[in-house]
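J.: Coordinates for the following, if possible.
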Amino acid sequence: MRTGTVDPRVPAGCPKYLKLAKDFERQLRTGVLRIGDRLPSVRQLRETHRISVATAIGCYAWLERQGYVRARPKSGFYVSRAPLTDTLPPAIASTARGPVPVRVGALGTVATRPPERRRVIDLGPAVVGPDLLPRNRLNQSLRLALSAFTDNAVRYEDCRGSVRLRRQIARLVFRQGVICSPEDIVVTSGSIEAYNLSIRAVARAGDVVAVESPGCFEILRALEAMQLRAVEIPHVPKRGIDLDLLATAAARHTIKAILLTATCHNPVGDCVDDGRKEMIVRFAAERQIPIIEGDAFGDLVFSGERPRPLKAFDTTGIVMQCSSLAHYVAPGFNLGWANAGRWQPEVERLKSFTNVAAAMLPQLALAEFLESGAFEKHLKQLRLALWESVDAARQEVLRTFPAGTRVSAPEGGFVLWIQLPDGFDGRSVQRAAAAEGIHLFPGPVFSPSGDYKSFVRIACGQPVELLRSAIRVIAASLARSSGK
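T.: Numbering: from 1, shown residues only. From the prediction side, this is the model:
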């Protein structure tokens, strides 16, 4: 039996058949139901739980697709296997590293460029696939935006972005517990520009910054472009960046910024509790070290309320929040934003030097999409779809990958952080997958020092069956490389 953490909780809005199926799964996981046990008949299930026949059949169909039960003619459903479970998350770095120059360039170029094939299953960048995007509603928003665009098409927008969009972003972050006005927002070309502007506002080439390990690949690329050095601090699941090691690093080096993600972490997928978030912000405020917070996936938490970002605990302007809706709403619009606190004027100045202003039509379209309430509707559907995809992909990895594989159990977002057994190399796995038309990221691109060599990250923003098929192909290549 392989090891890992407990599966994510069932999200709100989950269909009745799936809630019931997950209840059965918990019984299988805890040993209440065992292999060979007979399950209640469809009629018994309907009467006991006061559900429809369709719901009962849907429950057993889902369990059958997972391989948990099998139907015997004229006899009923019987347990055929128990869920594969973990007891430990994938390993993380246990000590601080650095400072070292950030060198993810060569690996990063390969990681972000899918193989030259007509059809590529893209499990690399954390971007939701077309089938899960609100394409028709976005097209409608573009058409509606055109009427507002006519009078403004021949002039530049404010370098901070459309005030209409900034107003909607301010409302969006207010629901996260962050109080700001449209004047506090700078619209950017996705989260990468937000990171770049924020880093440039507080650091120069050769400076030292502290980064989580593992950490967001986009942040590391921004650091490399600026020729910065990084002190690598472990990310502790559920607790965030290791404050003890961070304090030691801050005593030894002049740290210009702390770069981290506290909600739906990329690539681990965990959420830091509010108490720890408050401690992290207080640590930075006491030492006057700016925090650059990545917060791209906080809205994608699977269950419960949207967690508050670090920015919600900031009373002194020490936190620079960088976010985007490009990953899971409108990749083609590629819009993000920075809420940079006390460094807002400098971020605005740098933005004016970089590209004067973002294109107006996509901004107006995204503003209309947010104003209409379509975002909340999309989010409700997407959370459930991503939870199902992540859950299915995780079980498929545990079922098909080599014994000893360890897999994260994300609380939100849509990436899996996978540690392969000794003897496997993430870069070799990436190359073998690319030869089969599947794109994924190797672990070393999530570390300034190129650590996590036995890791890979798989993005699960695709339909369930496509994910399962791709994972089986990767598993087959792993089996071949191990000589089995």
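
J.: got the residue ranges for the strands in the stretch 151-300 of the chain?
T.: All strands of the stretch 151-300 of the chain, identified by DSSP state E, counting those that start in this stretch, fall at 186-188, 208-213, 229-236, 240-241, 255-260, 291-294.

J.: Sheet-wise, list the partners of the first one with their directions.
T.: Think strand 186-188. Sheet pairing of strand 186-188 (DSSP bridges) gives strand 336-339 (antiparallel).

J.: One more: the fifth one?
T.: Strand pairing for strand 255-260, using DSSP bridges, gives strand 208-213 (parallel), strand 291-294 (parallel).

J.: Please enumerate residues in contact with the last one?
T.: By CB atoms under 8 Å, 6 or more residues apart in numbering, the surrounding residues in contact with strand 291-294 are 191, 195, 198-199, 202, 216, 218-219, 257-262, 266, 280-281, 284, 309-311, 314, 318-323. Glycine gets a C-beta too; all of them are placed from N, C-alpha and C.

J.: What's the mean pLDDT across stretch 198-212?
T.: Average pLDDT, stretch 198-212: 95.

J.: One more: stretch 357-376?
T.: The average of the pLDDT scores along stretch 357-376 is 91.

J.: ok, and the helix or strand in this structure with the lowest average confidence?
T.: The helix or strand of the chain with the lowest confidence, counting by mean pLDDT, DSSP states H and E, is helix 105-112 at a mean of 51.

J.: which helices and strands does the very next helix or strand once past that helix pack with?
T.: The helix or strand immediately downstream of helix 105-112 is strand 121-122, counting by DSSP states H and E. Applying 3 or more CB pairs under 8 Å, 6 or more residues apart in numbering; DSSP states H and E, one finds that strand 121-122 contacts strand 438-439, helix 464-481.

J.: hmm, back to that, mind checking which of the strands paired with strand 255-260 is nearest Phe455?
T.: Nearest of the strands paired with strand 255-260 to Phe455, taken as CB to CB: strand 208-213 at 11.6 Å.

J.: contacting residues for the closest residue to Pro237 other than its chain neighbours?
T.: Leaving aside its chain neighbours, Pro237 sits nearest to Asp270 (4.7 Å; criterion: CB to CB, 6 or more residues apart in numbering). With CB under 8 Å, 6+ apart as the criterion, the residues that contact Asp270 are Pro237, Lys238, Cys264, Ser408, Pro410, Glu411.

J.: Please apply the same query to Gly336.
T.: 187-194, 322-326.

J.: related to what we said a few turns ago, dump the helices and strands packed on strand 121-122 to TSV, plus mean pLDDT and distance to Val79.
T.: Listed next are these as TSV, based on pLDDT from 0 to 100; distance: least, CB to CB, whole Å:
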stretch	mean pLDDT	distance to Val79
strand 438-439	94	33
helix 464-481	93	21
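
J.: which of the ones you listed is buried the deepest?
T.: strand 438-439 (a mean of 24; mean count of other CB atoms under 10 Å).

J.: residue farthest from the centroid of the chain?
T.: In the chain, the residue that sits farthest from the middle, by CA atoms, centre = their mean, is Lys74; the gap is 45.1 Å.

J.: Next, format the helices and strands packed on strand 121-122 as TSV and append distance to Ala61.
T.: Output for these, formatted as TSV (distance: least, CB to CB, whole Å):
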stretch	distance to Ala61
strand 438-439	28
helix 464-481	13
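
J.: among those, which is nearest Val53?
T.: Among the helices and strands packed on strand 121-122, the nearest to Val53 by CB to CB is helix 464-481 (24.1 Å).

J.: Of the contacts of Gly336, just say which sits nearest to Gln288.
T.: Of all the contacts of Gly336, the one with the least separation from Gln288 (CB to CB) is Cys322, at 19.7 Å.

J.: That closest one sits in which helix or strand?
T.: Using DSSP H and E, Cys322 maps to strand 319-324.

J.: Dump that strand to CSV, keeping only the CA atoms.
T.: Below are the C-alpha coordinates for strand 319-324, written out as CSV (Å, rounded to 0.1, in the frame of the first residue of the first chain):
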residue,chain,number,x,y,z
VAL,A,319,2.2,43.1,1.8
MET,A,320,2.2,43.4,-2.0
GLN,A,321,-0.6,41.1,-3.3
CYS,A,322,-0.2,39.7,-6.8
SER,A,323,-3.1,37.9,-8.4
SER,A,324,-4.8,37.0,-11.7
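
J.: Run the chain-centre distance for it.
T.: 15 Å (CA atoms, centre = their mean, to the nearest Å).

J.: And for stretch 294-311?
T.: Worked out by CA atoms, centre = their mean, stretch 294-311 lies 10 Å from the chain centre.

J.: ditto for stretch 325-334
T.: On CA atoms, centre = their mean, the centre of stretch 325-334 falls 14 Å from that of its chain.

J.: Over to stretch 406-417?
T.: Taking CA atoms, centre = their mean, one finds the center of stretch 406-417 at 8 Å from the center of the full chain.

J.: now do stretch 25-36
T.: 30 Å.

J.: Let me know the average pLDDT across it.
T.: Mean predicted lDDT for stretch 25-36 stands at 84.

J.: Could you do stretch 50-57 as well?
T.: In this model, stretch 50-57 has a mean pLDDT of 92.

J.: Show residues contacting that stretch.
T.: So stretch 50-57 is contacted by Lys16, Tyr17, Leu20, Val42, Leu45, Arg46, His49 (CB under 8 Å, 6+ apart).

J.: now, the most widely separated pair of those residues?
T.: Most distant of the contacts of stretch 50-57, by CB to CB, are Lys16 and Val42, 14.2 Å apart.

J.: hang on, the earlier thing: name the strands paired with the strand holding Cys322 and say parallel or antiparallel.
T.: Applying DSSP bridges to the sheet, strand 319-324 is found paired with strand 291-294 (parallel), strand 336-339 (antiparallel).

J.: re the thing from before, Tyr68: which of the contacts of stretch 50-57 is nearest?
T.: Closest approach between the contacts of stretch 50-57 and Tyr68, by CB to CB: Leu20, at 12.9 Å.

J.: Just give me how far the helix or strand in which the closest one is found sits from the chain centre.
T.: Assigned by DSSP H and E, Leu20 belongs to helix 16-30. Centroid separation for helix 16-30 versus its chain: 25 Å, with CA atoms, centre = their mean.
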